[in-house]
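**Q** here's a sequence, model it:
(2 chains)
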Amino acid sequence: MSLPAHAEVVVIGTGAGGAPLLARLAQAGVKVVALEAGVRHPPKGVATDEVAQAGIFWMDERLSAGEDPVAFGRNNSGKGVGGSTLHYTAYTPRAHPDDLRLFSEFGQGVDWPLEFSELEKQYRRIEPFLGVSGPADYPWGPDGKDRYRHPPLPLNGAAELMARGCESLGLRTSAAPNAALSRPQQQEGYGERPACTNRGFCQAGCSTGAKASLDVTYLALAEHHGALILDDSYVTGFRRQGDRLTGVEYVRGGETHVLAADVVVLSAGAVETPRMLLMHGLANSSGQVGRNFMAHTGVQVWGQFPEMTRPNKGIPGSLISEDTHRVEGLVGGYLLQSIGVMPVTYATQFARGTGTWGQALHDHMAGYNHVAGINILGDCLPYDHNYLELSDELDAHGFPKPRIHFTFGENEKRINAHAEALMRRIWEAAGAQNIWAFPRAAHTIGTARMGTDPASSVVDPYGKAHDLENLYISDNSTFPSALSANPALTIMALSLRTAEHLLEGARKGTL
Amino acid sequence: MVIKRTFLARHAGDTDFIVSDSVIHQTIQPDVLSPALDRLLNSPQLTGATRAALQARVRQRPAAPQFFSAAEFALLEQVGVCLVPHDPQVLPLAVRIDARLQRGDSDGWRYDGLPPDGQAYRQLLASLPADFRTTDDAGRHAALTQAQHDHPQIFEELLAELTESFYADPRNQLNIGYVGFADARGWTATGLDQLDPHEQEALDLAGKRP
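**A** Below you'll find the model as predicted:
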């Protein structure tokens, strides 16, 4: 394969931040090239096996510091054509309008420098394109009627139990929106994606294409329209002249190459994006690169039930409640989701979370088919004490490993405590025994905040770096606050918004 | 942790349900996969990708250590058997750890205060009493309880690595009633108290009850 010497736009990373933009620009006839550190993982090669699927995760070691050290790897960090959408559960709730105005509402955190309607416009495009399955009338937030193209996926055992527990506590529940197909769908550039077979291994990769990972959706569309995706291409440097980047240096097949580019889009996620900026001295006149690292409050509560749940079956997050979107005494709020679980994930979480070992571990695992969980996804405020920095320890590429400091603040502790108590009550009401909680944080957010003031933010509201004329960031790094919703859908919305901004600039000749 | 025996009772009727090391020895021969599991793994109930992954794993055999010294390895193996009871002749969990460290692979992160994984594991092993290998079960249990208290993060990492490796084995998965690797056709019965017909077929092939 002969490698290109020049791209009008080069996109680094092919996950939720890079892929929609790549597709939109390719559709408009822009010569785009994507550099992806991982390789392709076509559905046919995906095993229903957690260990065999380790290749879809970013396993380069990161150092987790602070009082609540964040687990990376399988917990939140993807690698491969499609990025973290290869392992996401495809849970796609929208953010709420008030998620973007935490400071206005509570005097804490920051407001987003854009209107909710700008996200909403993109949500409406993205959801049918991905083929989100969900309820006919979504109970929370604006515009809930007829939002989803496909009816909801079937409820699994955990969802039935959570519905039972919530009902007795007077909490509303709904089938969740999931970007996995309840009916087949034609996908431009890919072909027919089949309906989900309820295999339940979304977090280890989808073996059928029913899940809307971005390889079978936006990236297929991008390639159909002429985008070039170079996998196994690890970015090692940038070329720069004055306030413009002129190219990207990367290693592919053991050799170093340089791709000249008019515009560079960094979509490597909220750890690798700031790490690259710090390593290569880019876009940091504000000193804000790596700051404001956030991770969703994500405590899980597990129980065992007299009924058989067989928790590996069905879409993992099949039921949702957002009745806790606002709770007295909390800044922001959280959503509740039922969770199914794969056996190795459950076993290792149980071992880590409870410290149980020996025969007692096997005794507990004997009840695997009776396990069900509930999880929250709650907001997280930015703090000075949570940040990413470069350590002195080098990785296999010879680059410094990132060190990520994370300690929950008072508000996150209150969210987790409120949620854990509520979930314990839900499980008790549903008939659970052996209830235990697994404290955790989910997703990587912040580290290259968007804002209008170059002194306190890294990129402008369209993702353009304040310091450079042609560097854009399109991923969860730019989120000013964490949102009380899973990030993938909103990352995609921002990605399309940045793409339209670039096209607008190209039309006006200002790019 | 209080274990509710009612859950166990649903499965314990299986003759080869894991309740102790001795049971493992009775039912899984080191060199031969049970014909029933072999039949299931070779059946069209599995996709090619899943079959390839599992067959490679169940056929893995004990091997000499490369990363650890012979003495360290023997200690690691014994600690592993205590933390996650298994027969190392059948499930070479310590060999997998040794090989992983030799390759320099990571699970993507480590606690900032800890040295690299191999060094951390060595530190944990070195902290055990000198008579760990020769003392009785109670002595080993006490020593490991102390180690968990003194080195909570390293202990957690080792326990998690052993647990992952143990429960990734289809023999152990079948023994907890899981048959999700029979993945070729997916499931239609996903609700509460529902056994999918394809799960039933797979369990039948493997000679298991649901």
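**Q** wait, is A:R239 part of a strand?
**A** Yes. Counting by DSSP: H, G, I helix; E, B strand; the rest coil, A:R239 falls inside a strand.
**Q** I'd guessed A:S477 sits against A:A270; true?
**A** Yes. Between A:S477 and A:A270 there is a contact under C-beta atoms under 8 Å: 4.4 Å. C-beta here means a position set from N, CA and C on the backbone, and glycine is covered the same way.
**Q** quick one, what contacts A:L86?
**A** Going by C-beta atoms under 8 Å, 6 or more residues apart in numbering or on different chains, A:L86 touches A:H41, A:I56, A:G78, A:G80, A:G205, A:S213, A:D215.
**Q** by neighbours, which of the residues you listed wins?
**A** Tallying neighbours with other C-beta atoms under 10 Å in any protein chain shown puts A:S213 at the head of those, with 34 neighbours.
**Q** how much space is there between it and A:A95?
**A** 21 Å (C-beta to C-beta, to the nearest Å).
**Q** do you know how far A:R24 is from chain B?
**A** Distance, A:R24 to chain B, by C-beta to the nearest C-beta, to the nearest Å: 31 Å.
**Q** buried set for the stretch of helix or strand that residue belongs to?
**A** Assigned by DSSP states H and E, A:R24 belongs to helix A:19-27. Neighbour-count burial for helix A:19-27, counted by 16 or more other C-beta atoms under 10 Å in any protein chain shown, picks out A:A19, A:P20, A:L21, A:L22, A:A23, A:R24, A:L25, A:A26, A:Q27.
**Q** got it, and stretch A:263-282?
**A** Buried positions in stretch A:263-282, judged by neighbour count with 16+ other C-beta under 10 Å: A:263-278, A:280, A:282.
**Q** so which of those residues are in helices?
**A** Here DSSP state H is the test, and the buried residues of stretch A:263-282 give A:G269, A:A270, A:V271, A:E272, A:T273, A:P274, A:R275, A:M276, A:L277, A:L278 as lying in helices.
**Q** the first one against A:D475, yeah?
**A** This means A:G269. Yes. With contacts defined as C-beta under 8 Å, A:G269 counts as touching A:D475 at a distance of 5.4 Å.
**Q** what residue ranges in the chain score low on pLDDT?
**A** If you meant another chain, say so; for now it's chain A. By pLDDT under 70, the weakly predicted segments of chain A are A:510-511.
**Q** the intended chain is chain B.
**A** Scanning chain B for pLDDT under 70 picks out B:1-32.
**Q** element containing A:L161?
**A** Going by DSSP H and E, A:L161 is part of helix A:157-169.
**Q** helix or strand for the most centrally placed residue in chain B, which one?
**A** With distances taken as C-alpha atoms, centre = their mean, chain B has B:F166 as the residue nearest its mean C-alpha position (1.0 Å). For B:F166, the element it lies in under DSSP H and E is helix B:152-167.
**Q** and after that helix, which helix or strand comes next?
**A** Downstream of helix B:152-167, the next assigned helix or strand under DSSP H and E is helix B:170-175.
**Q** rewinding a little: shared neighbours of A:S477 and A:A270, which are they?
**A** Taking C-beta under 8 Å, 6+ apart as the criterion, A:S477 and A:A270 both touch A:I445, A:G446, A:T447, A:A448.
**Q** of the residues you listed - the most surrounded one?
**A** In terms of neighbours by other C-beta under 10 Å, the shared contacts of A:S477 and A:A270 top out with A:T447 at 34 neighbours.
**Q** if we can go back for a sec, how about the shared contacts of A:S477 and A:A270 in JSON lines, adding secondary structure and distance to chain B?
**A** Shown next, in JSON lines, are the shared contacts of A:S477 and A:A270 (DSSP: H, G, I helix; E, B strand; the rest coil; distance: C-beta to the nearest C-beta, whole Å):
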{"residue": "A:I445", "secondary structure": "strand", "distance to chain B": "16"}
{"residue": "A:G446", "secondary structure": "coil", "distance to chain B": "18"}
{"residue": "A:T447", "secondary structure": "coil", "distance to chain B": "16"}
{"residue": "A:A448", "secondary structure": "coil", "distance to chain B": "20"}
